[in-house]
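Peer 1: Below: sequence and its predicted model.
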Amino acid sequence: MKKLLIIFLLNTVNLSAHPHTFIDLHPNLHVEDGTIVKTEFKWKMDDMTSAMLIMEFDANNNGKIDKEESDFIYENYFLSLKSYNFYTEVEVDGKTMTLPKIKNFRATIEDNRICYFFELDESFSAKNTIFKFSDKEMFVAIMLKDKFIAIDGAKAKVDGEDMDFFFEHRISFE
């Protein structure tokens, strides 16, 4: 009976973990002479999350995110995701790097959805670099589709791996 109870509790814990927010990830990568010279990301939040955040973020109710509101979002919301590595890992030559500094952050409203734009402040060799996107704690689901990706100057492969409890998307260069 104890074994049955333990099995039930373990399975219940696994079933309760699920994403609360869905982010469409739109990477924009610029490659010159085999080096990724600019790495830009756009996160487009799901409808429900966006509706709640727009009510909170658009303090003056003008239907857009002004610079002051964007700065507030960066300081009070976005930077708190640093402990999650911004749901991004950069692997170079098989070794996971510390995520570079984030620059040029801004938040907007597009089609009634909150969007975050930001860049990584570092260049990478495209040859042995893999970008990985996931939330191992399963509160956020990162959605990456071929149609979301813009890569100038190189060919890349998009794939993913089901890690049982979360899904990891990857971009690697050919």
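Peer 2: The structure has been received and is ready for your questions. Bear in mind that the values here come from a model prediction, so they are computed numbers and not experimental data.
Peer 1: tell me the mean pLDDT for stretch 151-165?
Peer 2: Averaged over stretch 151-165, pLDDT sits at 82.
Peer 1: That should have said stretch 113-127, apologies.
Peer 2: Mean predicted confidence for stretch 113-127 is 95.
Peer 1: got the end-to-end distance for that stretch?
Peer 2: 35 Å (Cα to Cα, to the nearest Å).
Peer 1: Stretch 161-174 now?
Peer 2: For stretch 161-174, the end-to-end distance is 18 Å (Cα to Cα).
Peer 1: To which secondary structure element type does Asp71 belong?
Peer 2: Assigned with DSSP: H, G, I helix; E, B strand; the rest coil, Asp71 falls in the helix class.
Peer 1: Quick one: low-confidence residue ranges for the protein.
Peer 2: 1-18, 163-166 (pLDDT under 70).
Peer 1: Point to the residue nearest the middle of it.
Peer 2: Most central in the chain under Cα atoms, centre = their mean is Tyr87, positioned 4.9 Å from the mean C-alpha point.
Peer 1: Which residue lies closest in space to that one, excluding its sequence neighbours?
Peer 2: Spatial nearest neighbour of Tyr87, excluding adjacent residues (Cβ to Cβ, 6 or more residues apart in numbering): Asp135 at 5.2 Å. C-beta here means a position set from N, CA and C on the backbone, and glycine is covered the same way.
Peer 1: which residues does the residue nearest to the centre of the chain contact?
Peer 2: Ile23, Leu81, Phe133, Ser134, Asp135, Val140, Ile142 (Cβ atoms under 8 Å, 6 or more residues apart in numbering).
Peer 1: Among the residues you listed, which one sits closest to Phe167?
Peer 2: Nearest to Phe167 among the contacts of Tyr87: Ser134, at 6.6 Å, using Cβ to Cβ.
Peer 1: Tell me what Ala107 is bridged to.
Peer 2: With DSSP bridges applied, Ala107 shows beta-bridge pairing to Tyr116.
Peer 1: isn't it right next to Lys67, touching?
Peer 2: No. Contact criterion Cβ atoms under 8 Å: Ala107 and Lys67 do not qualify, at 9.8 Å.
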